[in-house]
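In: Return a 3D structure for these sequence lines:
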Amino acid sequence: MGTVQESLPEKDASAEAPAAPSLLPVRSRQSLPPKGSCWYCEKPLDSVRRFCGKECADGFDEEAAFTG
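Out: You can find the predicted model right below:
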């Protein structure tokens, strides 16, 4: 009887698609409805924007990674 390693099928490196982690946060940010204020710091915004700047958008993504 062989070891567990020997009984597992070999992974083909070309079959594994590289994950695109940078696309997921952007998609989740875009799914947020504009609410008239920043989703991270609550600074008043227009009726189109979701975040007041890149720092808040990145902070939102970082928090979402830890809480989600």
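In: Just the element for Phe66, please.
Out: Secondary structure from DSSP states H and E places Phe66 in helix 54-67.
In: any idea of the mean pLDDT in that helix?
Out: Averaged over helix 54-67, pLDDT sits at 93.
In: How about stretch 31-40?
Out: 95.
In: related to what we said a few turns ago, check what contacts the helix holding Phe66 and list those residues.
Out: Here helix 54-67 makes contact (C-beta atoms under 8 Å, 6 or more residues apart in numbering) with 25, 28-29, 38-41, 43, 50-51. (C-beta placed from N, C-alpha, C; glycine too.)
In: which of the residues you listed count as buried?
Out: Buried by 16 or more other C-beta atoms under 10 Å: 25, 29, 38-40, 50-51, out of the contacts of helix 54-67.
In: ok, and for the helix holding Phe66, which residues are buried?
Out: Buried residues in helix 54-67 (16+ other C-beta under 10 Å): 56-57, 59-61.
In: ok, of those, which one's closest to Pro33?
Out: Phe60 (14.0 Å; C-beta to C-beta).
In: Helices of the protein, start to end?
Out: 4-7, 23-30, 54-67 (DSSP state H).
In: Output the buried residues of helix 54-67 as JSON lines; include the columns distance to Gly68.
Out: Converted to JSON lines, those look like this (distance: C-beta to C-beta, whole Å):
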{"residue": "Cys56", "distance to Gly68": "17"}
{"residue": "Ala57", "distance to Gly68": "15"}
{"residue": "Gly59", "distance to Gly68": "14"}
{"residue": "Phe60", "distance to Gly68": "11"}
{"residue": "Asp61", "distance to Gly68": "10"}
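In: All set, thanks.
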